[in-house]
Each structure stands twice: as structure tokens, then as C-alpha cells.
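> Need coordinates for the below:
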Amino acid sequence: MDRAGICRNNRNTTKTDLSLLLECVKFQMKCPDLQKQALLTIHSICEKKEDNVDLLRELGGVVFLYNLSKSSIVHSDVKEVALFTLGTLAEANVYCKNSLCRKEIFTDIAGLLMKEDSPLNQKRVSVYLLFVLVANNKLGQTLAQTTGCLEILMDLFRTTFPFPTVDNLRTVSQTYQLWASVSSALCGSVNNPQNAYVQESFAACGGLETLTLALLRVVSAADTSLLSYQLSVVIVKTLSACITDNRESSSQ
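Alright, predicted model coming up:
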């Protein structure tokens with residue numbers, strides 16, 4: 001068999017595997033552990049593999065995962081993995097990314113992030129998906145601004161600052177991961193490509209002031225606390241992205 005034939009066989013095998021995995025997710029609604037495992041396998045097959053994402057799109061898998069992530073009858077852990085997998089797919093394939101850059105999806109993300117009873121990890125993977133959709137994408141940046149996602153990110157940045165009063169290391173870790181994801185999404189929302197309009201909106205809603213105050217809170221302890229050092233680095237990167245090539249913001 002020639003090389004082209006081998007490639008066709010590999011492609012067909014991968015498509016069959018993806019189809020079977022989607023069927024598993026669809027028909028194992030009472031077994032969230034099996035659904036999660038199937039989704040994680042889809043993630044592994046498609047991660048950084050643009051062609052495999054195309055195969056999944058041909059099978060209707062991207063639309064299915066999106067609907068799964070917002071279903072009211074699906075276990076919350078399954079929703080988390082579905083959102084995480086969507087982010088992976090969008091990161092690997094620009095066509096998938098563009099197909100997900102729709103107002104309704106950004107509105108859904110905004111709604112999930114505003115729900116007080118949403119689990120921290122579900123919020124974190126939602127922010128990760130948002131980050132992927134805005135990174136290097138002017139349309140995504142604009143949608144983040146017009147649907148209120150940018151303001152919600154700012155609110156999360158303020159309220160999830162990782163110094164909870166409870167002595168629970170797991171909570172501290174989850175809060176830090178959420179906060180760091182929010183910071184990355186803020187960077188992506190205003191830079192790469194540099195977006196002067198969104199930068200100005202960010203500054204107008206108090207974003208620069210919030211970042212500066214957060215930096216002052218942690219920088220004094222950065223030489224003795226690893227967490228404070230990590231937070232300082234994240235804040236500086238975010239602050240830099242928010243003022244790059246914007247004279248008015250830089251002067252504030």
C-alpha cells in the first residue's frame with residue numbers, strides 16, 4: 001500500500017474512533033464517568049491535531065459538545081470536560097474557533113460565569129474557552145466586549161483574588177487557577193492583535209486601577225512568598241497587555 005493509502009486508512013480509523021466515542025457520550029447519560037472518559041479521549045485525539053478536529057466537525061461533534069456543555073440534564077463534571085474539550089478543539093483548528101465565535105456562545109459563557117452556584121472548575125474551563133476564542137482574534141475580542149464578558153472578567157478578577165479566608169489548600173489552588181485563567185483571558189481580550197477600543201473600555205470600567213491595586217497587594221511579599229511572586233508575574237503581564245501601544249491608557 002502506498003503512503004496515500006496508509007493516510008486514508010489512518011484517517012478512516014480516526015473518524016471511526018471519534019464516531020464511536022461520540023456515540024458513547026450520547027448513550028451513556030446515566031454514567032457520567034464513562035462520558036468523561038470518552039470526552040477526554042476525544043480531547044487526546046484532537047489536541048494540536050487540526051485534521052482530526054476537521055473529522056470531528058464532519059461528524060457534528062463540535063455542535064454536539066457545545067449543546068452538551070449547556071444541557072440541564074448533564075452532570076456538572078461532564079459539562080466541565082465538554083467545555084475544556086471545546087477549548088482544545090478551538091485552539092487546534094482555526095475553522096472550529098471561527099465557528100464558535102458567535103454572540104450566543106459568548107452570551108452563554110457570560111451567563112455561566114455570573115451564576116454564583118457554578119463550580120469553580122466549571123468557571124475556570126469556561127474562562128479557558130473564552131481565552132481561546134479571543135486570543136489573536138479581533139472578532140472574539142469585540143464579542144467579549146459587546147456581550148459583557150469583559151466586565152464579568154473584571155469582576156471575577158476582583159472577587160476571586162486568591163487569598164480566601166478559609167484554610168483549605170484545595171480551595172486556594174482552585175481559586176488561583178481560576179484567577180490566573182481570568183488574567184490570561186483579560187490579556188487575550190485586549191491584545192494580540194492590539195485592540196485600542198477594547199483597551200479603552202477596559203480602562204474606563206476601572207480595569208487598570210484594579211490591576212494596579214492588585215499588584216501593590218502582592219509585590220511587597222513576592223521575595224518571600226512563591227504564590228505572591230507568581231501573582232505578581234501574572235498581574236504585570238496582564239497590565240502590560242492592557243496598555244501596550246495605547247498612550248492614553250499608559251498615562252493613567
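
> Could you give the separation of stretch 123-134 from the chain centroid?
Put simply, stretch 123-134 sits 2 Å off its chain's centre (Cα atoms, centre = their mean, to the nearest Å).

> meant to ask about stretch 20-28, not that
Counting by Cα atoms, centre = their mean, stretch 20-28 is centred 24 Å from the centre of its parent chain.

> Show me the contact partners of it.
Contacts to stretch 20-28, defined as Cβ atoms under 8 Å, 6 or more residues apart in numbering, come from residues 34-35, 38-39, 41-42, 45, 59-61, 64, 68. To be clear about C-beta, it is placed using only N, CA and C from the backbone, and glycine gets the same treatment.

> Need these in TSV (columns: neighbour count, pLDDT and distance to residue 156).
Shown next, in TSV, are the contacts of stretch 20-28 (neighbours: other Cβ atoms under 10 Å; pLDDT from 0 to 100; distance: Cβ to Cβ, whole Å):
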residue	neighbour count	pLDDT	distance to residue 156
34	15	96	32
35	24	96	28
38	21	97	30
39	25	97	25
41	17	97	31
42	26	97	28
45	16	96	32
59	16	96	34
60	12	96	32
61	23	96	29
64	15	97	28
68	24	95	24
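
> Among those residues, name the ones in helices.
34-35, 38-39, 41-42, 45, 61, 64, 68 (DSSP state H).

> wait, what's in contact with residue 90?
96-97, 100, 129, 132-133.

> Output the residues you listed as TSV; include the columns neighbour count and secondary structure.
Below are the contacts of residue 90 laid out as TSV (neighbours: other Cβ atoms under 10 Å; DSSP: H, G, I helix; E, B strand; the rest coil):
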residue	neighbour count	secondary structure
96	22	helix
97	22	helix
100	20	helix
129	30	helix
132	24	helix
133	29	helix
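
> now, the most widely separated pair of the residues you listed?
96 and 129 (11.6 Å; Cβ to Cβ).

> low-confidence ranges in the stretch 101-250 of the chain?
Where the stretch 101-250 of the chain drops to pLDDT under 70, the residues are 161-172, 192-195, 197-199, 201-205, 207, 244-250.

> how about the helices in it?
Assigned by DSSP state H, counting those that start in this stretch, the helices in the stretch 101-250 of the chain fall at 103-114, 120-134, 138-146, 149-159, 169-190, 196-204, 207-219, 226-243, 247-250.

> do you know which of these lies nearest residue 29?
helix 120-134 (18.3 Å).

> residues of the closest one that come out buried?
For helix 120-134, burial by neighbour count (16 or more other Cβ atoms under 10 Å) applies to 121-134.
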